[in-house]
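J.: Give the three-dimensional model of this entry:
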Amino acid sequence: MTTSASLPADSASEASAGGSVTDRLVEANQRYAAKFTDPGMDASPVLHVAIVACMDARLDLHAALGLELGDCHTIRNAGGVVTDDTIRSLTISQRALGTRTVILIHHTGCGLERLTEDFRHELEDEVGQRPAWAVEAFRDVDQDVRQSMQRVRTNPFLLHKDDVRGFVFDVHTGLLREIDPSS
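T.: Purely as a prediction, here's the structure:
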């Protein structure tokens, strides 16, 4: 796997000396677009699956799950937590774009395990306004996956709640461990 940390020395020094990370990404997009051909797909995922996962940069979901472009909807946020906005995306995914399966993926070593709701109070002290959103911090990743599965299964806006499964991705081995919703 190539990451920015493993770029050749001349590329890394170019990026730090000659522009921002955004500039480097826009240049990469220009190279990508030069070879791009329209795959002729619509927005409905081929596998009719929506994946909710953490935004952690160590999770390469397409590679880890053997997915191709167009196979799934991917919804990512801090912790892979099922929030109101996640429900919004899942509702659109199911009702307008045909997904029927929901897969939830949390992971080991998540940053939310080190935070508490005090984070919101610290932000309020710093900027003078408390965020309207919850941190959704947790101490037990398995229990948080169970909570997320329950939020999906009980939401009235979602049509398809029978095929909802949750997993924990091990960032050291790359393996998924399925979570029993009833434990």
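
J.: Domain map for the chain?
T.: Split into domains by automatic domain parsing, the chain comes to 1-36, 40-179.

J.: show me the contacts for Glu113.
T.: Applying CB atoms under 8 Å, 6 or more residues apart in numbering to Glu113 gives the contacts 137-139, 141. All C-beta atoms are positioned from the backbone trio N, CA, C, and that covers glycine.

J.: In three-state terms, label Gly19 for me.
T.: coil (DSSP: H, G, I helix; E, B strand; the rest coil).

J.: can you offset everything so residue one is 190?
T.: All set: I'll call the first residue 190, so the last point we hit is now Gly208.

J.: Give me the distance between it and Ala217.
T.: Distance of Gly208 to Ala217, computed by CB to CB, to the nearest Å: 12 Å.

J.: Over to Thr297?
T.: Going from Thr297 to Ala217 by CB to CB gives 30 Å.

J.: And these two? Which one has more around it.
T.: Thr297 (15 against 10; other CB atoms under 10 Å).

J.: Excluding covalently adjacent residues, which one is nearest to His294?
T.: Heads up, residue 294 is Ile, not His. In this structure, Ile294 finds its nearest non-sequential neighbour in Ala242, 4.1 Å apart by CB to CB, 6 or more residues apart in numbering.

J.: What's the local residue count around that neighbour?
T.: Using other CB under 10 Å, Ala242 is surrounded by 22 other residues.

J.: secondary structure class for it?
T.: Applying three-state DSSP: Ala242 is strand.

J.: For it, report the pLDDT, please.
T.: Per-residue confidence at Ala242 stands at 98 (pLDDT).
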